[in-house]
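> model this:
(2 chains)
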There are 2 protein chains.
Amino acid sequence: MSEIRKHYFLDEYCIIAPGRSKRPSVFKEEKKEGFSERCVFCAGEEDKTPLATAVYKDGMILKDEEGSRITGWDVRCIPNLYPALSPAAVGVSSEFDVSPGFGYHEVIVETPSHEKVIPDLSDTDMSLLMKVYRDRVVHYEGQDKIEYVSLFKNWGEKAGASLAHTHSQLIALPMRPPLLAEEMKMIGSLQKCPYCDLIEKESKSERLLYENEHFIVITPYCSKVPYEMWILPRMHVHHISGFDDEQLDSLGRAIHSALSGLWEYIGEIPYNYMFYQLRDEPGYHFNLKVQPVTSKAAGFEKNTGVYINTMPPETAAKYLQGIFEDNSE
Amino acid sequence: MSEIRKHYFLDEYCIIAPGRSKRPSVFKEEKKEGFSERCVFCAGEEDKTPLATAVYKDGMILKDEEGSRITGWDVRCIPNLYPALSPAAVGVSSEFDVSPGFGYHEVIVETPSHEKVIPDLSDTDMSLLMKVYRDRVVHYEGQDKIEYVSLFKNWGEKAGASLAHTHSQLIALPMRPPLLAEEMKMIGSLQKCPYCDLIEKESKSERLLYENEHFIVITPYCSKVPYEMWILPRMHVHHISGFDDEQLDSLGRAIHSALSGLWEYIGEIPYNYMFYQLRDEPGYHFNLKVQPVTSKAAGFEKNTGVYINTMPPETAAKYLQGIFEDNSE
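Now for the predicted structure:
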């Protein structure tokens, strides 16, 4: 029997319809041929990409220069070869509302190895990656006319990744995007932070998957997709720049645990994760959402904005909790 | 060079980024094995589905009865075997906001033939289908506690269809869905109907694809996906029940022309189409959106609500206009 669930505090709804559920095995991404081959993100192929804007190597932050690319790196940040937005955008006009496609689009190559995925990374690797995330977000938010930096990861072809080599992306926008603007408007109208409230409740609920000193991982009550996970700081911090190094380490462990647990249970399914944060809004509460790609937003979702989810988050949590417990520190 | 375009009147945005474009051939859906086999929606398999709630046959509207299923039908409406919502939903409770999954979920089998698709249907077939749409929407909106009827079509596996036999679906909800509620709020705040306004402008624009007495088809200025098409009545009508039979015939021809033209140009790509209408809001303007499925909403879209579209609607229109002209009556 299905339920219509409302988001914790937004006017968003999902229909939890377990009768329509598929077995997890149906979800598995088939490994593409060529997965284990080399690509332009690999160590040794540095000259096949645009010049790196930031190269993390042995504790240093370096930059490529024309004619001399840095090798032996740990994490490498490069402009997207097919950018959605560009700092060189020029004026456009129309009888409708339009602005130049101004902005930045960067790829963060998380490891020089083509074979590794997030669950293969060590605590040290994850800590470095979190610092790279913080650095790059802060860097682009400091650029003229940038209002928001979208930081996200697409893993797997079905999740929108066009290359198999594990990487994250960052798109810096000259506007606050509608989703965040809407959410902040709602939060601004409330007496207290709704995230602090839900964190308190979900920390004691059947939907809690994992916790460390600073972060919790839950399957949210109003999950849009099967095995959705939210990673939330216990403390009220509105932006990644508000985390100290120890908290960043905790964030890295929470992400690593969430993805490792998910894949251990269900196999290497494609997923997206997205950072939600607002630099200039102390009332916002940093959060990271992991959405495995197991189904399609089809006509109904596009018509209504309501998501049909065949996997109750409580059931997903029950499946995953055993694995998280075995893996816990 | 890309552009950031705003929706005609909503706070929605898309990034038109033609540099990232793929050739149309990349989009084609591969025909699944078993496509030409029989299924439970086929003529002769009537006893393999729940009892039909409405069967259109030779100008009559009939109903299945236990032990005697109607054969020789033109269009057949049956309850979804795995309903997202059900009239038998029972009470649920939680510390969060939840309501029973009350509602109706129906499948409209558009033709008894497993091989036919919308472009194969005749004007007469399309006229009947439009009447079925109108009847079924009105029927479910008349049920107790139903606030909105979502009418949509998923064609192709990538568009979320689980069966190849062409069909539409209808989900009757006990609430006005957030997308429509938001849009109506915006429309209510405006002096005049923004659809009437955009129809006037786009009827003379390079994005006009097709027109008949009562409807136009355009590629909208702020297209979220490549080859998106909107089908719009010239006259201000807020709901399908407001169309007379002649107008319904025109709607059928507009849908048929849009899909035939799209497939003739690009091949049999998967698509969704969705009806947007509000029974009790004379200020709303009926519209139907066709969204081919050629790309994925990935991390960026999920983070921001902003869509990256690699195909400018003007370019899509230029490609399609030739075909529409050749096919025009």
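> pretty sure A:Val107 sits in a helix.
No. Read with DSSP: H, G, I helix; E, B strand; the rest coil, A:Val107 is strand and lies in no helix.
> for chain B, see how far away it is.
12 Å (CB to the nearest CB, to the nearest Å). Using the backbone N, CA and C atoms, a C-beta is placed for each residue, glycine as well.
> for that residue, give me its contacts.
A:Phe41, A:Cys77, A:Ile78, A:Pro79, A:Asn80, A:His167, A:Ser168, A:Gln169 (CB atoms under 8 Å, 6 or more residues apart in numbering or on different chains).
> between the residues you listed, which sits nearest A:Cys196?
A:Ser168 (27.2 Å; CB to CB).
> run through the bridge partners of that closest one.
When bridges are called by DSSP bridges, A:Ser168 pairs up with A:Ile108.
> now that it has come up, it's in contact with A:Trp155, right?
No. Using CB atoms under 8 Å as the test, A:Ser168 is too far from A:Trp155 to be in contact (9.4 Å).
> picking that back up, can you name the two of the contacts of A:Val107 that are farthest apart?
Across the contacts of A:Val107, the longest distance by CB to CB is 14.0 Å; it joins A:Pro79 and A:Ser168.
> looking at chain A, which residue lies furthest from center?
Checked against the mean C-alpha position of chain A, the extreme residue using CA atoms, centre = their mean is A:Glu95, at a distance of 36.0 Å.
> quick one: it from A:Arg38, how far?
49 Å (CB to CB, to the nearest Å).
> ok so, going back, name the SS class of the residue nearest to the residue farthest from the centre of chain A when sequence neighbours are not counted, please.
Among residues not flanking A:Glu95 along the chain, B:Lys201 sits closest, at 6.6 Å (CB to CB, 6 or more residues apart in numbering or on different chains). Under three-state DSSP, the three-state class of B:Lys201 is helix.
> I'd say B:Lys201 and B:Phe9 touch.
No. With contact defined as CB under 8 Å, B:Lys201 does not count as touching B:Phe9 (11.9 Å).
> related to what we said a few turns ago, so which of the contacts of A:Val107 is the closest to chain B?
Nearest to chain B among the contacts of A:Val107, counting by CB to the nearest CB, is A:Gln169 at 7.0 Å.
> list the contacts of that closest one.
Counting by CB under 8 Å, 6+ apart, A:Gln169 touches A:Asn80, A:His105, A:Glu106, A:Val107, A:Ile108, A:Leu151, A:Phe152, A:Lys153, A:Asn154, B:Gly299, B:Phe300.
> so how far is A:Leu151 from it?
Per CB to CB, A:Gln169 is found 8 Å from A:Leu151.
> could you do A:Asp120 as well?
For A:Asp120 relative to A:Leu151 (CB to CB), the value is 21 Å.
> mind checking the SS state of the nearest residue to A:Ala54 once chain neighbours are set aside?
Leaving aside its sequence neighbours, A:Ala54 sits nearest to A:Cys77 (CB to CB, 6+ apart; 4.2 Å). Per three-state DSSP, the secondary structure class of A:Cys77 is strand.
> quick check: A:Cys77 touching A:Leu51?
No. Assessed by CB under 8 Å, A:Cys77 is found out of contact with A:Leu51, at 10.5 Å.
> do the lowest-mean-pLDDT helix or strand in chain A and chain B come into contact?
Lowest by mean pLDDT, DSSP states H and E among the helices and strands of chain A is helix A:313-327, with a mean of 88. No. If you take CB under 8 Å from any CB of the partner chain as the test, helix A:313-327 misses chain B, and the best it gets is 10.1 Å.
> likewise for stretch A:233-245?
No. Applying CB under 8 Å from any CB, one finds stretch A:233-245 separated from chain B by no less than 13.5 Å.
> same question for stretch A:174-188.
Yes. Applying CB under 8 Å from any CB, one finds stretch A:174-188 touching chain B at A:Pro174, A:Met175, A:Pro177, A:Pro178, A:Leu179, A:Leu180, A:Ala181, A:Glu182.
> now those residues in CSV, with secondary structure, pLDDT and distance to A:Ile269?
Putting these into CSV (DSSP: H, G, I helix; E, B strand; the rest coil; pLDDT from 0 to 100; distance: CB to CB, whole Å) gives the following:
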residue, secondary structure, pLDDT, distance to A:Ile269
A:Pro174, coil, 97, 34
A:Met175, coil, 97, 32
A:Pro177, coil, 97, 26
A:Pro178, helix, 95, 28
A:Leu179, helix, 96, 24
A:Leu180, helix, 97, 27
A:Ala181, helix, 97, 31
A:Glu182, helix, 96, 29
